[in-house]
Every structure is written in C-alpha cells, then in structure tokens.
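>>> Whatever this is, show me its structure:
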Amino acid sequence: MRSDQVRLNNGITIPLLGMGTYSFENHSKSTEHAVQLALKTGYRHFDTARIYGSEAALGNALSDAISTGVVQREDVFVTSKLWGSHHHDPVSALQKTLTIMGMEYIDMYLVHWPVRLKSWVCDPIPKEDEFEQLCLDVTWAGMEKCLDMGLCRGIGVSNFSSKKLQNLLDFASVPPAVNQVEMHPMWRQNKLRDFCSDHNIHVSAYSPLGGPGNLWGSTAVIESPLIKSMALKHRATPAQIALSWGLLKGASVIVKSFNQERLKENKGALDLKLEYDEILEIDSKMKEMKIMRGEVFVNQATSPYKTIQELWDYEI
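Okay, here's the model as predicted:
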C-alpha cells in the first residue's frame, strides 16, 4: 500500500489527501477546470455531495480524464453524500447521483448529516416545517442496500458524534468505514478520534484549514502565530503545517482549493513531518473553536435537536 493512502475497515484504500469541490458560487466550468488541475497535480481523491451542486462538474472532469487516459477509474477515489431529504430512499438518491456524474459507481457514500428532511426539500438551509424524525436504522438499511447493489464500494457517515456512531454500531450489519467531520488544529476532535480508533472507523477531516474562503469559514487556523512560526521553521506554509498536523493524527484531509499553486502547496503537506513536541504544542496551546456548528439544523419546533449541544451530543 502506498504511503499516501490508508486502508479502511472494508478493505479498500483511501488517499490521504483529497480535493473538496464545494463552492458557494458553484461555477461548473471553474470546478471542472480545478479538478483537471488537481488530477495533473497528482490528486486522486475527490469529495462532492448532492447539496454542493458540483456532482455534474466533477463527473464531467473525471470522465474526460478517464477517456483521454490521464487517469484510470480504479485509481480515483470519489466520495458523495446523502442529503437529508433523501433519507427515505438512499438507493434512488445514489442512482440519481451516478446519473448526474456519469459514473457506474462511487467509492464512498456518506450520510451527510444526522438529519432527515421532507423529501421535497432541496435547500441547504431548511425551514422549521421541513424536518422529519430521524430513523437511522431505516436510512442505514438503504445505505447497506446501495453497497449490496454495487452502487458504491463503501458507506459511512459525516458529522456524527461518538454517541451517534455508537447508536449506529448497535444495529448496523455493515459498520461505517468513514466519519467525515470538521477537524483542524483548532478543533481537534480528541474524544471522537479515540472512539473511531477503538472501532476502526476512519476519520476524514473536512475544513482542515478552518474553511478560509467559505462564507462560514475562518482564517484563524492559518493566521495563528503558532502555526505561522512553525511554517517559518520548516520553510513551509501555514496551510502545510495545519494539513500535516491532521495527517499525523491519522486522518485524511479534504481541502478545497481551485488554485493551481495552492493545490501543489497542499500536496506538499504529505512530505512534511512535524516533530512530536510541535504536535504537543499545537494540542496544548491552541484554543478549541468549532467553525461549522450546524445551527441550521437546530430549532425548537420540528427538529429533533432543540439545541446545538443536542446536535453534537455535548461534544462541542
């Protein structure tokens, strides 16, 4: 197995560095171009979701690259996600994703949030009357069927707390292979990472730089004086320090950049090794701050989560 990959509990391997394709502007052509740049730079792991609106652009770019021999399908790892309004029928949702992407299968299909919405909801910010009670056993049975039908090679979750994972493990025939969560030097996920390690669930980090450039993101990680000082010491960039920290914690990192130089820069984190005392310094000195809090899934009326603490089971 290559050093830039890790083996999951289902036997397949996932590249440790991934490219995120969420873009608020969602310009299809710019997304396609960025994916093409990423492929040329050596990226082989691509992350999308129905709600991102980037499935078609990613699929087009990958199809072009495969048909022209730039890459073979089996060398690319593609993740997409089940949105809350599709919990009633994950099979149909994934079949639609495959149609949109022009692919026969994806490598990983994740439950995007532990939130079920009414089937007609397509807005990333649901209204109060658009929630339904989460029946995770029903959702997961559909996810397992996707796997059985060969529509994906692996199934997992995203934004799940330790408690929600334990609940899932109590009834799942197939355990989740991945839990994709926010993780960076200012949101270290110690409890969750320990739980996932104990149960052989791989942690994949989204917003590993804190989401700078996103409407909800922050520059606090890459502007941290501690991260900057380590970057100077290693003749690296703050982004490379933050990504290296995540990689050394055993996570794969999904970082979004459509800029060729930054794509190259981020890939350089694979060759950067922080020292043990530097890891300890980050862990002990940097304050904790969760950036993607999920307030849109909390309300007093119809959401199963009346408070932020309930959404995250007090892991926030």
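
>>> any low-confidence regions in this protein?
Where the chain drops to pLDDT under 70, the residues are 1-2, 24-26, 215.

>>> quick one: the helices in the stretch 151-300 of the chain?
Using DSSP state H, counting those that start in this stretch, the helices of the stretch 151-300 of the chain run over 162-171, 190-198, 225-234, 238-248, 260-267, 276-285.

>>> could you check the angle helix 260-267 makes with the fourth one?
Put plainly, it is helix 238-248. Between helix 238-248 and helix 260-267, the angle comes out at 40 degrees (axes from the mean of the first three to the mean of the last three C-alpha atoms, to 10 degrees).

>>> gap between H45 and M19?
With the distance defined as C-beta to C-beta, to the nearest Å, H45 ends up 7 Å from M19. No exception for glycine: its C-beta is placed from N, CA and C like everyone else's.

>>> who touches both of those two?
I254 (C-beta atoms under 8 Å, 6 or more residues apart in numbering).

>>> residue boundaries of the strands in the stretch 101-250 of the chain?
Listed in chain order, the strands of the stretch 101-250 of the chain (DSSP state E, counting those that start in this stretch) span 108-111, 116-117, 131-132, 155-158, 178-182, 202-206.

>>> Direction included, what does the second one pair against?
Okay, so that is strand 116-117. Taking DSSP bridges as the criterion, strand 116-117 forms sheet pairs with strand 131-132 (antiparallel).

>>> For F297, see how far away I125 is.
From I125 across to F297, the span is 9 Å (C-beta to C-beta).

>>> most remote residue from the chain's center?
Ranked by distance from the centre of the chain (C-alpha atoms, centre = their mean), the top residue is K233, with 29.7 Å.

>>> about what we covered before: right, so of the helices of the stretch 151-300 of the chain, which gets closest to I66?
Comparison of the helices of the stretch 151-300 of the chain against I66 by C-beta to C-beta identifies helix 260-267 as nearest, at 19.5 Å.

>>> which ones are touching C122?
Here C122 is in contact with 51, 85 (criterion: C-beta under 8 Å, 6+ apart).

>>> same thing but 7 Å
For C122, the contacting residues are S85, by C-beta atoms under 7 Å, 6 or more residues apart in numbering.

>>> what's the distance between it and S85?
Going from C122 to S85 by C-beta to C-beta gives 7 Å.

>>> from memory A239 sits against V221, does it?
No. Here A239 lies out of contact with V221, judged by C-beta atoms under 7 Å, at a distance of 8.7 Å.

>>> Residues that sit against both of those two, list them.
Common contacts of A239 and V221 (C-beta under 7 Å, 6+ apart): L209.

>>> For I222, give me its contacts.
Taking C-beta under 7 Å, 6+ apart, one finds 209-210, 212, 238-239, 242 in contact with I222.

>>> In JSON lines: the strands of the stretch 101-250 of the chain, plus distance to F258.
Output for the strands of the stretch 101-250 of the chain, formatted as JSON lines (distance: least, C-beta to C-beta, whole Å):
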{"stretch": "strand 108-111", "distance to F258": "22"}
{"stretch": "strand 116-117", "distance to F258": "29"}
{"stretch": "strand 131-132", "distance to F258": "33"}
{"stretch": "strand 155-158", "distance to F258": "22"}
{"stretch": "strand 178-182", "distance to F258": "20"}
{"stretch": "strand 202-206", "distance to F258": "16"}
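
>>> Looking at those, which is nearest to V76?
Nearest of the strands of the stretch 101-250 of the chain to V76, taken as C-beta to C-beta: strand 108-111 at 11.8 Å.
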